[in-house]
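# please find the sequence and the predicted model below.
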Amino acid sequence: MTGGSSEWVRVSNDLRWADSHVHLFSIEEGAEVALERARAAGIELFVCVGTDLATSQACVELATAHLDVTATVGLHPHDAVNLHRELEQLDELSRHPEVVGIGEAGFDLFYEHSSHAEQEEAFRWQVSLAKFLGKSLVIHSRDAWDDTFRVLETEGVPEKTIFHCFTGGPEEAERALALGCYLSFSGIITFKNADDLRAAAAITPLERALVETDAPYLAPVPHRGRPNEPLYVSYVGEALAAAMGREVEEVASVTTATSKRLLGH
């Protein structure tokens, strides 16, 4: 365990959590090690999120091997350029019984590794696929709020739509909630400069909130700057509880139940 036994005591308790968004295949120490540590600390659901065909296949393999892991199949906006090359296989894989969601899908106009048009085409296809299959839609939106909402409003919002790693303020939260979406909060909510995000959390109904690590990225304080892992989702939950003015036990119970309903078996 990174950080020694005293840290283990800090994150181990009787609360049960769900990590609603994790890239298990990218964890340096390996998925198996990370899963065992997290299970011992009370995490009971891990949603492994695909970003292209290869990682989506890895997620399905992990979900098939572990009862407490589920999978999503998707094409990240960075990889939207590969849509036509991978579409047929992604479509087939998305129908696998272990797959609970489509994505992460959306726009990333901060990096724009794929063109705006390619990102929009891939996003629209995945919105339609989620609606057709009745599975959750997992959205990635960076520097692209207006584009993201425009596509959702024109395509129609899947019943179970989740803004992964939500980074907006109260205005963006209100727009997403008005469309019936769910907001998933990551380690960013623990960051010192995230007051606007905490204000968004404060107006979010608890039953519309989830917690995630996005591991191995975005480790929460006090682990910021180090590799993240599902074990640390409790820090996110505690910060969300503080922002909402709620008890940690309530946040753990409700967000876990919501994750299981949207992204569980």
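That came in fine, so what should we check first?
# how about the strands of this structure, start to end?
Listed in chain order, the strands of the chain (DSSP state E) span 17-22, 43-48, 69-73, 99-108, 136-142, 161-163, 182-185, 209-211.
# so where's the stretch 1-150 of the chain shaky on pLDDT?
Applying pLDDT under 70 to the stretch 1-150 of the chain picks out residues 1-13.
# make it 50
1-12 (pLDDT under 50).
# now do the top helix by length along the chain and strand 69-73, the angle between them.
Counting residues, the longest helix found in the chain (DSSP state H) is helix 116-133. Orientation check (axes from the mean of the first three to the mean of the last three CA atoms, to 10 degrees): helix 116-133 against strand 69-73 gives 130 degrees.
# mind listing what's buried along helix 116-133?
118-123, 125-127, 129-131, 133 (16 or more other CB atoms under 10 Å). Using the backbone N, CA and C atoms, a C-beta is placed for each residue, glycine as well.
# not counting sequence-adjacent ones, nearest residue to V47?
Closest residue to V47 apart from its sequence neighbours, by CB to CB, 6 or more residues apart in numbering: L263 at 4.7 Å.
# wait, doesn't that neighbour sit right on V100?
Yes - between L263 and V100 there is a contact at 4.9 Å, judged by CB atoms under 8 Å.
# residues touching the closest residue to C48 other than its chain neighbours, list them.
Nearest non-adjacent residue to C48, counting by CB to CB, 6+ apart: C59, 3.9 Å away. By CB atoms under 8 Å, 6 or more residues apart in numbering, the residues touching C59 are 24-25, 48-50, 71-73.
# swap in A219?
187, 213, 225-228, 232.
# for it, which non-adjacent residue is closest in space?
According to CB to CB, 6+ apart, the nearest residue to A219 is N228 (3.8 Å).
# let me know the pLDDT of that neighbour.
Looking at N228, its pLDDT stands at 98.
# neighbours of it, just the number please.
Residues within reach of N228, counting by other CB atoms under 10 Å, total 25.
# again, but for A257
Per other CB under 10 Å, the neighbour tally for A257 reads 14.
# now it: how far from V47?
Relative to V47, A257 is positioned 14 Å away (CB to CB, to the nearest Å).
# how about D146?
Taken as CB to CB, the span from D146 to V47 is 27 Å.
# for A80, give me its contacts.
Shown in contact with A80 (CB under 8 Å, 6+ apart): 114-115, 118-119, 121-123.
# err, Y235, not the other one
Counting by CB under 8 Å, 6+ apart, Y235 has contacts 11, 187, 190, 220-223.
# T213 too?
19, 21-22, 186-187, 219-220, 228-230, 232-233, 236.
# let's have those in JSON lines, adding distance to L152.
Output for those, formatted as JSON lines (distance: CB to CB, whole Å):
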{"residue": "D19", "distance to L152": "25"}
{"residue": "H21", "distance to L152": "19"}
{"residue": "V22", "distance to L152": "24"}
{"residue": "S186", "distance to L152": "21"}
{"residue": "G187", "distance to L152": "25"}
{"residue": "A219", "distance to L152": "30"}
{"residue": "P220", "distance to L152": "28"}
{"residue": "N228", "distance to L152": "28"}
{"residue": "E229", "distance to L152": "31"}
{"residue": "P230", "distance to L152": "28"}
{"residue": "Y232", "distance to L152": "30"}
{"residue": "V233", "distance to L152": "27"}
{"residue": "V236", "distance to L152": "25"}
